[in-house]
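*Asks:* Sequence plus the predicted model coming up.
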Amino acid sequence: MKTLLCVFSFVVLLVVTTGAVVSDALQTKPPDTLVLAEKAALGKVTFSHTNHTTKNYNIESIRPIACIECHHVEQPASEAKKIPPHQTAYPPDRTTTLTADLLTKEPGTKVVACRNCHARKDEKPVVLPEIPQIKSENSTAMITLTNQQAFHRACAGCHDQVVKVRPDAKSPTTTKCTACHKKTAA
């Protein structure tokens, strides 16, 4: 009887433990909010991932922003190359495109964080041999896309486009730094 009770307890523990692990895996989801620019002189930026991916926040204000508009490496290389300057897919042999639907169907999908490629100045990226570079649109100079450069080009660049397309939009732009950057009280 004691052995049977031990076996039963072990099975219950195994089921409960396995259920918890499976449950955690199913809860894999994008963060609601991200804090960017933790070390910026102008202050941190609080980014609502939820708003950008569920509300009509695209340039025309007609749909949410697609995952690959920011996570551009999360698609096959053949697709990434269609939207210059993005030329990289990760992993290089990637066959799927990151979407909310993919995350729902395959909750274990790993998403490459921006800083894994676009590291801080003088740091090495996690997944690439070096920080990506692109040719400047205005000259032959090369621009190293550190996390600061990448965020400003992607985030502020998109906000600038929003205001250009919809002048009445209340979107912060590259000339309104403190609309996004907030210093915390010391």
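*Replies:* Everything's here; your move. Here the structure is a predicted model, which is why all the values come from computation and not from measurement.

*Asks:* how far away is the closest residue to V165 other than its chain neighbours from P167?
*Replies:* Of all residues not flanking V165 in the chain, I59 sits nearest, at 5.4 Å (Cβ to Cβ, 6 or more residues apart in numbering). No exception for glycine: its C-beta is placed from N, CA and C like everyone else's. Distance, I59 to P167, by Cβ to Cβ, to the nearest Å: 13 Å.

*Asks:* neighbour-wise, which of these two wins?
*Replies:* I59 (19 against 7; other Cβ atoms under 10 Å).

*Asks:* could you list every residue that touches that one?
*Replies:* 158, 161-162, 165-166 (Cβ atoms under 8 Å, 6 or more residues apart in numbering).

*Asks:* Can you identify each of the helices in this structure by residue range?
*Replies:* 2-26, 49-54, 67-70, 77-80, 100-105, 147-151, 157-165 (DSSP state H).

*Asks:* Compare these and say which comes out lowest on pLDDT.
*Replies:* Comparing mean pLDDT across the helices of the chain, the lowest value falls on helix 2-26: a mean of 34.

*Asks:* contacts for stretch 135-151?
*Replies:* 36-37, 40, 45, 85, 114-115, 117-121, 131-134, 153.
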